[in-house]
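Asks: return a 3D structure for these sequence lines:
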Amino acid sequence: MYKIFAGDKPIILTTKVEPETDFKNFPLKGCKISKIMKVLSRPNISSVRLIGKNENKLLKKFLKLMPNVIAGGGKVYNAKGDILFIYRNNKWDLPKGKAEGNETIDKTALREVEEETGITSLEIIKPLEMTYHIFKRNGRYKIKVTYWFEMKTNYNGKLVPQTKEGITKVKWLNPNQTEEALKNSYANIRMLV
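Replies: Numbering: from 1, shown residues only. This is a model prediction of the structure:
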């Protein structure tokens, strides 16, 4: 099973058909993303389930439905165990961004965290789950596939938000602050943190 987010509502890729309640079932084969997005926009619908036959091919088939944007990002810890957050579009988020050229995804993640926050001396500890979310640009739906990495740093200098990317704040948040920030974040970030 996979979850792809459109706003805060998930599109669930699965092989199991369940009786519909506050969600709708559709076959993955032949589905149209515009129709799925229209159904998801209804207030009485909490999710859409796309049903496929082969668990191993669900994601691959879904990703063929629209252009993919590949991104890398970081869940960064400091020496105190605080997590680095950015504030953009009136939401708390983790730093991430699109891959450039032939850049490896780990290099993308390190570069984006540095550019968006001003932090240096980052070290990747391990890869985390990938997240998927759908957005609309220039009238077309696209899916952002984000590769996440757990990182650490001993950096204790000034945090510098990348304002040209719409970032207005960069902060280290302790566990209580993180819990509060996640109330005003995205579903895929809540799932990751």
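Asks: against which helices or strands is the top strand by length along the chain packed?
Replies: Using DSSP state E to assign secondary structure, the strand with the most residues in the chain is strand 140-153. Under the contact criterion of 3 or more Cβ pairs under 8 Å, 6 or more residues apart in numbering; DSSP states H and E, strand 140-153 touches helix 33-40, strand 68-77, helix 105-117, strand 122-127, strand 131-137. Bear in mind the C-beta positions are built from the backbone N, C-alpha and C, glycine included.
Asks: quick one: buried residues of that strand?
Replies: Counting neighbours by 16 or more other Cβ atoms under 10 Å, one finds that the buried residues in strand 140-153 are 141-153.
Asks: immediately after it, which helix or strand?
Replies: Under the assignment DSSP states H and E, the closest C-terminal helix or strand after strand 140-153 is strand 167-173.
Asks: restricting to C-alpha, output that next one in PDB.
Replies: Extracted in PDB, the C-alpha atoms of strand 167-173 (Å, rounded to 0.1, in the frame of the first residue of the first chain):
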ATOM      1  CA  ILE A 167      10.700  30.900   3.200                       C
ATOM      2  CA  THR A 168      10.000  33.400   6.000                       C
ATOM      3  CA  LYS A 169      11.400  31.500   9.100                       C
ATOM      4  CA  VAL A 170      13.900  28.800   9.900                       C
ATOM      5  CA  LYS A 171      13.900  27.400  13.400                       C
ATOM      6  CA  TRP A 172      15.200  24.500  15.500                       C
ATOM      7  CA  LEU A 173      12.100  23.100  17.300                       C
END
